[in-house]
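Peer 1: quick check, what structure comes out for this input:
(chains A and B)
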Amino acid sequence: MRRLIALSVAATMALIACGDDSKSSSPATTAAAATTATTATPVGPVDLVTHDSFNVSDPVKADIDRTVGPVTIHKNNGDAGELASQLILTAGKPLGDVAFGIDNTFAQKTLANNVFEPYQSPELEHLAPELRNLIPGHELSPIDVGDVCVNADAKWFKAHNLAVPSTLDDLTDPRYKGLLVAMDPTTSSPGRAFLFATIARYGADGWQDYWKKLRTNGVTISSGWQDAYDGEYTASSNGKGKHPLMVSYATSPPAEIVYASEPKPTEPASVVMTDSCYRQVEFAGVLRGAKHPEQARRLIDALLSQEFQTDVPLEMFVMPARSGIVLPDLFRFAAQPAKPLQLDPVQVNANLDRWLDAWTKTALR
Amino acid sequence: MTNRRLGAALGALPLLFGAVFFAYPVVAILARTLNGQALYDTVADPSLRQILWFTLWQAGVSTIITLVAGLPIAYVLGRFEFRGRRLTETLVTVPFVLPTVVVAGAFRVVLPASMLSTVWAIIAANVFFNLAVVARTVGTALSTLPRTYEEAARTLGASIPATMRLVVLPLLFPAIATAAAVSFLFCFTAFGTVLLLGGPRHPTLEVEIYRQGAQLIHFDVAAALTVVQLLTLLVLVGASMLWQRRRARAVGVQLPGDVRRVARTAGQRVAQWSAVAGTLVLVGAPMGALVQHSLRVGDHYGLDWYRALGHRDTRIGDPPLATLLTSVRYGAVTVVLTLILATLAAMAVTRLGRVGRVAEVLAVAPLATSAVTVGFGLLITMNRAPLDLRDRWYLVPIAHSVIAVPFVLRLLVPALGAIPGRLREAATTLGATPWQVLRRVELPLLRRPLAAAAAFAFAICVGVFGASSFLVRTDRRTARTALARLLGRPGEAAGGTAAALATALAALAVVSLLVV
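Peer 2: Got it, this is the predicted structure:
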């Protein structure tokens, strides 16, 4: 017994000695820490807080580390909703310097809680005009656009001799009964966006009827995008699903090809129903109370830069917010809706709870 | 030093730990987010009653089924000696180690489609996880319960079923009650399995707290629901513990080597092997699906996904194999921390009479408080000196110990209670100080329960979702995080690699637990 205790104590001390220092990060940042006199303005460390879907390729990250300073990326093991809740709770005593990943659903709430510092980046000039002033006070800067649209498995429809539905109204057509899977808006971000699409299309008085019709037409509700994709959608890589219609992203078709197993198909099975698209914008902002505010502002500039924005499509499967970016070839399969559905962010913030409550009663219970 | 003073001295450290790393964060977050109006509105809301009832119901049914499924294997593990006993014991504990996302995926394969998104899928997963609690808790108690009473009953002519019913089960009552209480707590506060297997139509209280706090950002509603959950569980568990205390008996303790025997009659052998086989099928089916998924590459079988474990991917972070080691390191530190604190606490609680009993009930609080709330609490409190620990790696084992210590305490207190006062008195008569009684009488008799406790503490650290995932920075290099990220990606490669990582994790757990 005594030996066991002694052994455990020794083991613990050994483990503590080689304990994981969470400040250590990828090799790129250690290389960049070696000082080089490349830029006139000083570089310094900066902490980026984000959700699990954030990605940047190694070369682009190395460049940012060189020009702005060593960036430590802290992913929160969750999604945009969890990120928003964490940022709001720690407003003023933030978890980092810059936060990326707040979308237009949560933007107003974070502004109301004073999470961010205003910063008008000079790079904003290069954004499309309708994106440039989405947040008039510039507490948040649009970084990418990830529209949520219904995806249809064209191969399945062809095999079953059915025309691919093209409008939201089509989804209530009995021909397509039991074919759609959507997500619960209270736990899923794309699920929420689809709900907003129906509210934007049918209005505050008509959307509940629409959902009643969807329910009659056998819509399946899943807890999250991942479940729906793995278990319900017919075109996803395991093919166990029985639903050829799924609420997903405008950029899902190219992702399908990228993530397919060898040999990769030349065309995706899915097509996007552009009539159903809802505009979803992702923002980044300087956190109020950040330890490195100057570095934070320069990181925002870097996120809006040509280099990072070109990297965005294949790293995160969203569209860059900056205009004039050349998209990868695969993105010819992605949808770029000319007039996506949109709701006023202030209206969203004011009514979100009521809408979600009403949706739960209409579509679930 | 008197016994009471020794008890107080022993309890000081665990009390301090609990106060700083549990009570302080929870009180801080509740103080900040709770308000009377929200509490009133929440309690008055009829849908709350429905959610609460559903949560109680599914936890209750799960616990009963777990007991029924777990008692046979507990008896076999506690009473029989056979080749492969330790391996069986370890395999039964492995479900605890598997993160819930992995288990949910495996269950989707194993369960018939009609069961998915129903309450029965949730119950099946609950049984899968908590079988280990019943098997090891009751099994350990059985392995130290002297056979004399059963043998006396048999000599007096009682049949085997009558002996079980009238002698064994009553003697086992404290252990069964403990196993039931802990299983109930875990089933009540289960999150991952409910969300992923139950779907959106079957929210439990914990899912609702997550939804309100981390998705809808209604902190006041989340706080109110947390209070409702905590009070409900404290009342239920407290009542069961007080009731159990009145009926507990210190019937004596024997070393497992003397209690366990090889099965002699054909009947015993049949019973033994059918219990083992049945349990391994129950526990093994989902794990088998996992292993199969990890080996399937396209339309043939291969080790591609296992090879992928060594590759680094910018999206996932460290190579999956490295995350395994990180998880094991965290797990080992958690085990040491938990065992020290829980042993001190158990010995304190049994020496402090009525105060000890109240402390025991309150010690359940970390298991009864929503992980979301504890996580948020840690987020807002661990950020300034002398507690500026948000970036420190050891906040992870600390956060896990906050959950593991109450759990282990529930295992150790009945074990201590089973030691007859006579033994302690005999030692004292022979001149032992209270400290020596502790060291030379109690600790050696706690070895088996401590081993089981170590297994659970390790498993909790590696597998359970919990509050540490809200710590943002420090938990990101563990296997659990790597698994969540892999499973969050589309494509066969990601799914296969996740299955391989989960299998490797389970294998590593088996090896580690066999060593303990």
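
Peer 1: burial of residue 177, as a residue count?
Peer 2: Since you didn't name a chain, this refers to chain A. 12 (other Cβ atoms under 10 Å in any protein chain shown). Heads up, the C-betas are built off the backbone N, CA and C, glycines and all.

Peer 1: if you could check chain B rather than the one you did, that'd help
Peer 2: Neighbours around B:Ala177, by other Cβ under 10 Å: 20.

Peer 1: that one: which element?
Peer 2: Per DSSP states H and E, B:Ala177 falls inside helix B:169-188.

Peer 1: now the chain, which segments are flagged as low pLDDT?
Peer 2: Chain wasn't specified; assuming chain A. A:1-42, A:237-239 (pLDDT under 70).

Peer 1: chain B, not that one
Peer 2: For chain B, the stretches with pLDDT under 70 are B:1, B:246-251, B:314-316, B:385, B:464-476, B:516.

Peer 1: ok, for B:Asp304, nearest residue in space, not its chain neighbours?
Peer 2: Leaving aside its sequence neighbours, B:Asp304 sits nearest to B:Val297 (Cβ to Cβ, 6 or more residues apart in numbering or on different chains; 4.7 Å).

Peer 1: for chain A, what's the nearest residue on the stretch 401-516 of chain B?
Peer 2: In the stretch 401-516 of chain B, the residue found nearest to chain A is B:Gly491; the distance is 3.1 Å by Cβ to the nearest Cβ.

Peer 1: circling back to that earlier point, name the helices or strands packed onto the helix holding B:Ala177?
Peer 2: Helix B:169-188 sits against helix B:46-79, helix B:119-143, helix B:219-247, helix B:365-368, helix B:395-417, with contacts defined as 3 or more Cβ pairs under 8 Å, 6 or more residues apart in numbering or on different chains; DSSP states H and E.

Peer 1: dump the C-alpha coordinates for the next helix or strand after the first one into CSV.
Peer 2: It refers to helix B:46-79. Downstream of helix B:46-79, the first helix or strand assigned by DSSP H and E is helix B:85-97. Output of helix B:85-97 as CSV, limited to C-alpha atoms (Å, rounded to 0.1, in the frame of the first residue of the first chain):
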residue,chain,number,x,y,z
ARG,B,85,-12.4,-12.4,-14.3
ARG,B,86,-10.3,-9.2,-14.3
LEU,B,87,-10.7,-8.8,-18.0
THR,B,88,-14.5,-9.1,-17.8
GLU,B,89,-14.5,-6.6,-14.9
THR,B,90,-12.4,-4.2,-17.0
LEU,B,91,-14.5,-4.6,-20.2
VAL,B,92,-17.6,-3.8,-18.3
THR,B,93,-16.1,-0.5,-17.2
VAL,B,94,-15.0,0.5,-20.7
PRO,B,95,-18.3,2.1,-21.7
PHE,B,96,-17.6,4.8,-19.2
VAL,B,97,-14.4,5.7,-21.0
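
Peer 1: and the longest helix seen in chain A, does that touch chain B?
Peer 2: Longest helix in chain A by number of residues (criterion: DSSP state H): helix A:189-216. No: using Cβ under 8 Å from any Cβ of the partner chain, helix A:189-216 stays clear of chain B, coming no nearer than 9.0 Å.

Peer 1: mind listing what's buried in that helix?
Peer 2: By 16 or more other Cβ atoms under 10 Å in any protein chain shown, the buried positions in helix A:189-216 come out as A:189-202, A:207-208, A:210-211, A:214.

Peer 1: and what of stretch A:160-173?
Peer 2: By neighbour count with 16+ other Cβ under 10 Å, stretch A:160-173 contains the buried residues A:164-165, A:168, A:170-172.

Peer 1: off-centre distance for the host helix or strand of B:Asp258?
Peer 2: In the assignment (DSSP H and E), B:Asp258 maps to helix B:256-259. Helix B:256-259 sits 26 Å away from the centroid of its parent chain (Cα atoms, centre = their mean, to the nearest Å).

Peer 1: stretch A:288-306 now?
Peer 2: So, by Cα atoms, centre = their mean, the centroid of stretch A:288-306 is 20 Å from its chain's centroid.

Peer 1: count the residues that sit near residue 146.
Peer 2: Picking chain A for this. When neighbours are counted by other Cβ under 10 Å, A:Gly146 comes out with 21.

Peer 1: my question was about chain B, not that one.
Peer 2: 15.

Peer 1: for it, list the residues it contacts.
Peer 2: B:251-254, B:259 (Cβ atoms under 8 Å, 6 or more residues apart in numbering or on different chains).

Peer 1: go again with 7 Å.
Peer 2: By Cβ atoms under 7 Å, 6 or more residues apart in numbering or on different chains, the residues touching B:Pro146 are B:252, B:254, B:259.

Peer 1: B:Thr428 now?
Peer 2: So B:Thr428 contacts B:Val437 (Cβ under 7 Å, 6+ apart).

Peer 1: host element of it?
Peer 2: In this assignment (DSSP H and E), B:Thr428 forms part of helix B:421-429.

Peer 1: hang on, the earlier thing: other SSEs contacting the longest helix of chain A?
Peer 2: strand A:148-153, strand A:180-183, strand A:245-249, strand A:270-278, helix A:345-359 (3 or more Cβ pairs under 7 Å, 6 or more residues apart in numbering or on different chains; DSSP states H and E).

Peer 1: for these, which one sits closest to chain B?
Peer 2: That would be helix A:345-359 among those, by Cβ to the nearest Cβ, at 6.9 Å.

Peer 1: show me what counts as buried in the closest one.
Peer 2: Of the residues in helix A:345-359, A:345, A:348-349, A:352, A:355-356, A:358-359 count as buried by neighbour count, 16+ other Cβ under 10 Å.

Peer 1: let me have those in CSV, extended by distance to chain B.
Peer 2: Formatted as CSV, the buried residues of helix A:345-359 follow (distance: Cβ to the nearest Cβ, whole Å):
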residue, distance to chain B
A:Pro345, 15
A:Val348, 13
A:Asn349, 10
A:Leu352, 8
A:Trp355, 11
A:Leu356, 7
A:Ala358, 13
A:Trp359, 11
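
Peer 1: show me what counts as buried in whatever helix or strand B:Leu443 lives in.
Peer 2: Using DSSP H and E, B:Leu443 sits in helix B:443-445. If you call a residue buried by 16+ other Cβ under 10 Å, then helix B:443-445 has these buried ones: B:443, B:445.
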